[in-house]
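S.K.: The sequence and its predicted three-dimensional model are supplied below.
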Amino acid sequence: MAAVLRLPGGTRDASEIVEALLVAAQTREVTAPDISARWRQIAHDIGDALDQLPTPTIIQEHS
């Protein structure tokens, strides 16, 4: 299943979500290993999707 996320901060916001999921997964590793594994997988899936995005092109104006 695919999903569309609209984030005002763009990929920066998505990167923060990935980091938060990984931190949360680490805190639940002992008490809820199944949830921890799920959150870690979601973080990796989002990270992989971010890696597939094209590199932004920077256009410089000459003045």
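M.R.: Everything's here; your move.
S.K.: Secondary structure class of the residue most central in space within the chain, three-state.
M.R.: Central residue check for the chain by C-alpha atoms, centre = their mean: the C-alpha nearest the mean position is that of V18, 3.5 Å away. Following DSSP: H, G, I helix; E, B strand; the rest coil, we place V18 in the helix state.
S.K.: Could you check how far it is from R38?
M.R.: Here the criterion is C-beta to C-beta, to the nearest Å. By it, V18 lies 14 Å from R38. Quick note: C-beta positions are derived from backbone N, CA and C, even for glycine.
S.K.: swap in L22?
M.R.: When C-beta to C-beta is applied, the distance between L22 and R38 equals 12 Å.
S.K.: Ok, P8 next?
M.R.: From P8 across to R38, the span is 26 Å (C-beta to C-beta).
S.K.: The two: which is more packed in?
M.R.: R38 (14 against 6; other C-beta atoms under 10 Å).
S.K.: Need phi/psi at that one.
M.R.: Main-chain dihedrals, R38, degrees, to the nearest 10: phi -60, psi -50.
S.K.: pLDDT value on it, please?
M.R.: At R38 the predicted local distance difference test score is 98.
S.K.: Then H62?
M.R.: Here, the pLDDT recorded for H62 equals 76.
S.K.: Check A2 too.
M.R.: The predicted local confidence for A2 is 80.
S.K.: can you tell me which residues contact it?
M.R.: When the contact criterion is C-beta atoms under 8 Å, 6 or more residues apart in numbering, A2 has no partners at all.
S.K.: Quick check: the gap between it and V23.
M.R.: For A2, the distance to V23 - C-beta to C-beta - is 25 Å.
S.K.: L53: which element?
M.R.: Using DSSP states H and E, L53 is not contained in any helix or strand.
S.K.: Tell me how many other residues surround it.
M.R.: Here the count is done by other C-beta under 10 Å, and L53 has 10 residues near it.
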